[in-house]
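# no sequence for this one, just the structure:
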């Protein structure tokens with residue numbers, strides 16, 4: 001292997017800022033740009049694939065050249081804007097080159113990194129999710145498998161808006177340790193139901209709860225028909241886009257393929273352990289009914305009630321209180337089929353309010369997800 005090429009590739013692999021690649025980036029743009037261009041051309045000359053005909057060197061040179069081009073584009077933008085100290089990592093995969101911000105927030109078992117990638121000259125925002133503990137790689141792989149199963153369903157086109165968009169998944173190697181990673185379309189302006197409850201602790205208008213639950217039951221009906229049980233329908237995993245009445249069910253790490261009778265023993269969301277049906281916890285496997293019961297508990301909380309006991313405030317219409325009591329019955333006494341439950345709920349709210357109409361909903365002004 002050519003030592004100079006290998007050295008450049010290693011420099012790129014360890015780079016955290018454009019200065020790590022091209023050297024000193026301090027000074028005014030008219031001073032920085034000539035230095036940047038000179039450094040870039042020197043690296044390109046050394047790493048150009050035409051100079052490395054051996055197959056292993058050719059592959060490394062091609063990947064290195066792609067990364068150099070991406071870093072140069074980033075460095076040029078930073079130099080012209082006067083912000084060369086911005087920390088950006090270039091991550092090259094088989095499909096895309098990502099500019100990843102060197103900051104993250106914890107999201108369950110993942111670390112989430114904001115990133116961007118280009119398609120046909122257009123920049124797209126995304127989120128890079130990397131497993132924090134390699135022992136959880138199996139959970140990430142399960143999510144990727146379940147999303148692929150749903151994507152291949154005959155009804156996928158109709159319900160795709162209810163699912164997170166997985167751009168690609170891969171194994172991220174760092175320090176000899178492999179962590180599964182996925183790049184998802186970034187969700188700007190979305191709020192979790194946990195965030196909605198935090199904003200409206202005394203409860204939202206039942207008519208707002210109605211459109212949220214109808215959409216949640218729709219995505220559950222689609223998933224169940226495809227043979228997938230979500231197994232963690234909690235307020236953290238249900239997102240809404242308030243003004244547009246959008247809804248998305250995320251975090252499919254614990255999902256189960258019902259056709260394989262996948263056991264769920266010991267694999268629940270511990271924060272919401274009291275939400276799971278006792279029979280499921282006792283027998284160690286998840287059911288369609290568990291998804292439906294947990295979705296009902298989400299709605300009880302949105303109405304200002306107690307999701308564990310099922311208590312609802314007196315301001316909730318009696319017809320709705322009776323309906324939710326039936327949804328939270330134990331075992332097989334509760335609803336088991338999402339589409340049937342949605343139809344029953346539609347009949348309930350039509351008797352209560354008449355013909356359905358669009359009901360505006362908004363969140364207090366604050367940063368979204």
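It's in. Predicted, not measured: the structure shown is a model, and the values here were computed from it.

# Name the residues that touch the lowest-mean-pLDDT helix or strand in the chain?
Within the chain, no helix or strand scores below helix 278-283, which has a mean of 73 by mean pLDDT, DSSP states H and E. Residues outside helix 278-283 that contact it (CB atoms under 8 Å, 6 or more residues apart in numbering) are 264, 268, 273, 286-287, 290, 330-331. (C-beta placed from N, C-alpha, C; glycine too.)

# Would you list the buried entries among these?
The neighbour count (16 or more other CB atoms under 10 Å) marks 264, 268, 286-287, 290 as buried among the contacts of helix 278-283.

# Which members of those residues are the farthest-apart pair?
Taking CB to CB, the two most distant members of those are 268 and 287; they sit 13.0 Å apart.

# Tell me which stretches of the protein form strands.
Along the chain, the stretches classed as strands by DSSP state E are 88-92, 97-101, 105-107, 110-119, 122-131, 166-174, 177-185, 191-192, 228-229, 238-241, 246-249, 256-257.

# rewinding a little: pipe the contacts of helix 278-283 into CSV and attach pLDDT and distance to residue 151 per row.
Formatted as CSV, the contacts of helix 278-283 follow (pLDDT from 0 to 100; distance: CB to CB, whole Å):
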residue, pLDDT, distance to residue 151
264, 53, 23
268, 74, 25
273, 85, 30
286, 78, 21
287, 84, 23
290, 90, 23
330, 85, 34
331, 76, 32
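
# Output the below-cut-off pLDDT ranges for this structure.
Along the chain, the model assigns pLDDT under 70 to residues 1, 16, 25, 29, 77-78, 80-87, 259-267, 283-284, 366-369.

# for stretch 129-148, how far is the first residue from the last?
Length of stretch 129-148, first residue to last, CA to CA, to the nearest Å: 17 Å.

# ok, residues contacting that stretch?
Contact partners of stretch 129-148, identified using CB under 8 Å, 6+ apart, comprise 106-107, 109-113, 163-164, 166, 169, 172, 177-184, 228, 251-255, 257.

# Same question for that stretch: list its buried residues.
Within stretch 129-148, the residues scored as buried using 16+ other CB under 10 Å are 129-131, 136-137, 139-144, 146-147.

# again with stretch 199-206
With burial defined by 16+ other CB under 10 Å, the residues of stretch 199-206 counted as buried are 200, 203-204, 206.

# can you tell me which of these are in helices?
Counted as lying in helices by DSSP state H, out of those, are residue 206.

# Could you pick out which of the buried ones among the contacts of helix 278-283 are located in helices?
Using DSSP H, the subset of these located in helices is residue 290.
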